[in-house]
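K.L.:
structure, please.
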Amino acid sequence: MQQELAVLYVEDEVRSRKVMHMLLKGRMGLPNVTIFEDSANFLQRVQALDPKPQVVFLDIHVQPHNGFEMLRMLRQSRDFDHTRIVALTASVMSEEVEQLQLAGFDGCLSKPVDMDTFPDTLGRIVRGEDIWSIAR
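P.N.:
Okay, the predicted model is just below:
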């Protein structure tokens, strides 16, 4: 995994933030990890990041802007043309997967993330693979 990889995670649940922080910074040793606890002033906050994230994980049910709204903001900004944007959600039905795909997400991971397979999954996302790993 590239040490200079920058990742953003937007998540309102404390436990999920802790797990992702432990995975990305602790286990994987990535130095450029930013975690937002909410989506207030989302676009301004993400545009202020340096370096810009190459991968963004969005909780779908965060407030005040949900994952779909944050995705639209990123897709409308030229700064994030090549950013991989992946939804993270605790419960996804098959019709919701279709909504996520149509909205323009590059994938979806179910929470909690699998700590053993996540490093490989992140590598696949970075290489441009669309990942739709949904727990059934």
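K.L.:
which parts of stretch 13-22 are buried?
P.N.:
For stretch 13-22, a neighbour-count test (16 or more other Cβ atoms under 10 Å) marks 16-17, 19-20 as buried. C-beta coordinates here come from the backbone N, C-alpha and C atoms, glycine included.
K.L.:
in helices only, show me these.
P.N.:
Assigned to helices by DSSP state H, the following of those qualify: 16-17, 19-20.
K.L.:
adding pLDDT and distance to residue 113, write those residues out as a markdown table.
P.N.:
Listed next are those as a markdown table, based on pLDDT from 0 to 100; distance: Cβ to Cβ, whole Å:
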| residue | pLDDT | distance to residue 113 |
| --- | --- | --- |
| 16 | 92 | 8 |
| 17 | 94 | 12 |
| 19 | 92 | 7 |
| 20 | 94 | 7 |
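K.L.:
with distance to residue 37 as extra columns, can I get those in TSV?
P.N.:
Below are those laid out as TSV (distance: Cβ to Cβ, whole Å):
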residue	distance to residue 37
16	11
17	7
19	14
20	12
